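Novice: no letters, just coordinates:
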């Protein structure tokens, strides 16, 4: 990684949900702030900036990660996927999103983007994930509204529906 | 005007998908931090107190103001210059400022506000503000706060008691005199909060021409607080435009507490002449947003031989933290009509005291006042059964308000609107499988396992009477202030020129699906599909209908707000029916709204489209049968007549609706780890008519998870010196999917006769019932009388295993001085052997300049005296760079045998102070043993966010410091110093 000057802004470019984005950032700028305030992708939420609540989870080169613990300059050239990139079209929800809607898997929706990113990656990388595996993946996210019951239901329903889709 | 059913109506009562969800699921929510701000908006950061209690000796913002990008720094005097103290709800000589003025009273209290180009620069500037504090003794415990020698927070009060009232209903003295038994319980209920994942946010603008403020904040209500803010800002209500964003990331009461920050940020906007935005961070939230009160309660019951309770005596000491902030002491009075819970008890005496301590000021939190009341009450029910040798279920049965007694007026004035508590309870026992659980418990106990069952019966109040808080005043004070009562809810329905329907309410949801349910309510009345009804729930006090009761609290949406919307829709429909009647040539009573059409009842082909009728008042007012039939916009305000002001006997119907909950909990406690595992949780609810069963389940599950956290994990923990110990979500433990089981939710519906749609609140009940139900199960499992929350394994381990024994071999090092015991202290000792004579080492120790010189980043070294030096050190830890003021002093010199080394450092990340007693002993010529004993205290941010790591790691580091000192004196090893120690210590932040 090149040495960066703390006092300067540096050009940061990466791929966000399949499209190129770029902007300037001081080396200390968090990826969460860059996404929200520089790029304007406000779907990724910030709940603690300590890496604990999981609301800011985004996919960085195929792996879910905390945008609040990542500096913008660290993801130059990376493939970033956020909640805005999960739906197949602006007016159509993904299977996972649809299941959240059907099963009331969200209330205030603030933690939801991070949870969707984590579950989307889990169900893609481990389509046969067991109930405890799904629960454990979910344990990296704090939700204060639902008590997790409906989120688990939505995740299991999505897994089943995605499985059927693959089988067909 | 029938609502007939060729459509799948009614929509109400069905779990339709939520209209809110589509946007939220694709990242298109509109939370406060997602909304654009005007060009030139500044960003605020807030400097906060690292001390629980300290006098502010001086504040110097000069260097912060000089930082490029900084527009303004506001300190207490700047705030006082343009505002007034926030109103305090009791008659007492205390003020409540949103920022510290002469002293700080809790960790996290605002001390200065910086407005700068961006948040990063604003936070840089915080580090440049120099504040000198003189620490004062702190008081944390509500009972200790009442002691005559307790530190006093507000000198005007001459103590820490802000309110003391005694109430008496029936003849409790006689009931106690006649009672066969007296059973008592004492409870220290801890602090916790429902901690929304979205933190507070405020964007404020000031118009100097109008002397008016325009504020956007994720405030949740009650809008009675609007009056408090306007008064603090010294403007009439019409010069404070308060708006809320369309979406809010959870609140659960907590976002009521944003209002002091509204005042602060509004004043920053005034000072800078620019819009100012502030988004709270998580540490700020955990330290200085708001939380539920902690409370000490002594509750005693007069009990007949069969377990029937004839009287209750409550003694409650409510801890509201450092300031009595509006609407406190409401937590203490919200339940005032319900102090007998679900029971028929006619004689009650209550003493309510409100105290102030060096902790975060309290406010609204889900369950508001309920957990603090039901924990002692339902623990007492179990204790009565235990002490009288009765079945706890029989004790509950014998005391429940009997079926057929509704509406039932409680001793302290609440009107229990409807219910059949006995039937709900028996149904819960049957469906919840209690017989099986008891068999399971018997089997577990035979195996030597710790298994217990607990119960809780709870009345869940909803729709608060805005007058209940005045019960804190005496009848004479109330007469002087004028009556306060009622709860105005409002809804507006508008028809636009193409006849589509928009509903507006001031209910300020934070995820409760209000838009979905209101669309169902209005669609049912107007014969439309819910998707055809647009609902808007963000509030603008300059343009919308609202009242002091507006907002999202006391579970008022389902019982009250939907009712107002229903009434507004009915009125509008009546006018539309008149308009249609003229065109259909039928009487208005024969007009039917169905399927998007307005039809004649007896000839459905004689019909108009709804849109045509609905648009008529726009396009052709001249064709309306009369002016009174104009149907463009209808606003309804609805307040239930049952919500009257407290009477002279202090009887108060504190809430309109009263749901009923009966919970059953079965737990097993691990004999080794003392961890509580919930085997089964059953929650029976009577919340009246259910408007959307899916959302009811969501509310119960969510409330249950909050309560589970409060019962097992969560506490805003403070050290005895006032240090906040839970400043991150790794310290303040919120349950995850791994900890929350799925409760069995049951229902027994008795619609409320007092609400337009028969609904009652449902969102808060489990926060009242579940903590004590789990505690009762744990007490049953352990066979103990005392259980206190949170039921952490570390706490229960003492009851499972007995008190921990001291480790063998080593004598623990204890504090030398008595006062040291009141601080969060670290202790240690050790020794190191050095190949040098004692005189050489002595000379080195006596040259602080030499020690100082090896500290990296030290500059501006000043020699105060031969034995005292000060320095400024700049420390970079990862991406966080901070500046500290450091002092080192040598004392108690006994050359060349002993001295005391005292060091301290203060900076943005907190403060550390350490004292070491160093002894030199020549064990052989040219060979010296350096012995050391130290004690150190750490506070501020490091204590709040690093507490988990601090104790163990600091011990290692301090030990290493003295070992390095020895090495350096001996001429070997790396140079090290006290500063290196402090630097590394602070590096943990």
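Specialist: Sure thing, it's come through. Please read all numbers here as calculations on a predicted model, not as lab measurements.
Novice: name the residues of the helix ranked longest in chain A that are buried.
Specialist: The longest helix of chain A (DSSP state H) is helix A:149-167. By 16 or more other C-beta atoms under 10 Å in any protein chain shown, the buried positions in helix A:149-167 come out as A:149-159, A:161-162. For glycine as for every other residue, the C-beta is placed from the backbone atoms N, C-alpha and C.
Novice: now, which of those residues sits nearest residue B:82?
Specialist: The shortest approach to residue B:82 among the buried residues of helix A:149-167 belongs to residue A:151, at 46.3 Å (C-beta to C-beta).
Novice: residue contacts, the closest residue to that closest one other than its chain neighbours?
Specialist: Nearest non-adjacent residue to residue A:151, counting by C-beta to C-beta, 6 or more residues apart in numbering or on different chains: residue A:105, 4.7 Å away. Counting by C-beta atoms under 8 Å, 6 or more residues apart in numbering or on different chains, residue A:105 touches A:99, A:112, A:146, A:150-151, A:153-155.
Novice: how about a cut-off of 10 Å?
Specialist: A:96-97, A:99, A:112, A:115-116, A:119, A:143, A:146, A:148-155, A:157-158, B:21, B:25, B:698 (C-beta atoms under 10 Å, 6 or more residues apart in numbering or on different chains).
Novice: could you pull out the strands for the stretch 201-350 of chain B?
Specialist: Taking DSSP state E, counting those that start in this stretch as the criterion, the stretch 201-350 of chain B carries its strands at B:201-207, B:212-217, B:240-243, B:276-279, B:294-303, B:309-319, B:347-355.
Novice: quick one on the thing from earlier: helices or strands next to the longest helix of chain A in the packing?
Specialist: On a contact count with 3 or more C-beta pairs under 10 Å, 6 or more residues apart in numbering or on different chains; DSSP states H and E, helix A:149-167 meets helix A:95-102, helix A:112-125, helix A:131-138, helix B:693-712.
Novice: for chain A, give me the ranges with low pLDDT.
Specialist: A:1, A:166-168 (pLDDT under 70).
Novice: residue in it nearest to chain B?
Specialist: residue A:43 (2.0 Å; C-beta to the nearest C-beta).
Novice: how about that residue: what's its closest non-neighbour residue?
Specialist: With sequence-adjacent residues excluded and distances taken as C-beta to C-beta, 6+ apart, residue A:43 is closest to residue B:27, at 2.0 Å.
Novice: residues touching that neighbour, list them.
Specialist: A:17, A:41-45, A:82-87, A:109, A:112-113, A:116-117, B:34.
Novice: again, only this time at 7 Å
Specialist: Residues near residue B:27 by C-beta atoms under 7 Å, 6 or more residues apart in numbering or on different chains: A:43, A:82-84, A:113.
Novice: cool, residue A:80 as well?
Specialist: A:14-16, A:58-60.
Novice: please tabulate those residues in CSV, including the columns distance to chain B.
Specialist: Formatted as CSV, the contacts of residue A:80 follow (distance: C-beta to the nearest C-beta, whole Å):
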residue, distance to chain B
A:14, 17
A:15, 17
A:16, 12
A:58, 11
A:59, 13
A:60, 17
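Novice: which one (most neighbours) among these?
Specialist: The most crowded member of those, judged by other C-beta atoms under 10 Å in any protein chain shown, is residue A:58 (30 neighbours).
Novice: so what's that residue up against?
Specialist: Applying C-beta under 7 Å, 6+ apart, the residues near residue A:58 are A:44, A:65, A:67, A:80-82, A:117.
Novice: show me which residues of the stretch 151-300 of chain B sit near chain A.
Specialist: For the stretch 151-300 of chain B, the residues in contact with chain A (C-beta under 7 Å from any C-beta of the partner chain) are B:194-198, B:247-250, B:252, B:281-282.
Novice: hmm, 8 Å instead?
Specialist: For the stretch 151-300 of chain B, the residues in contact with chain A (C-beta under 8 Å from any C-beta of the partner chain) are B:194-199, B:247-250, B:252, B:281-282.
Novice: next, the contact list for the spatially closest residue to residue B:538 that is not a sequence neighbour, please.
Specialist: Closest residue to residue B:538 apart from its sequence neighbours, by C-beta to C-beta, 6+ apart: residue B:246 at 4.6 Å. Residues near residue B:246 by C-beta under 8 Å, 6+ apart: B:29-30, B:536-538.
Novice: and residue B:649, by the same measure?
Specialist: Contacts of residue B:649 by C-beta under 8 Å, 6+ apart are residue B:169.
Novice: how much space separates it from residue B:485?
Specialist: Per C-beta to C-beta, to the nearest Å, residue B:649 is found 15 Å from residue B:485.
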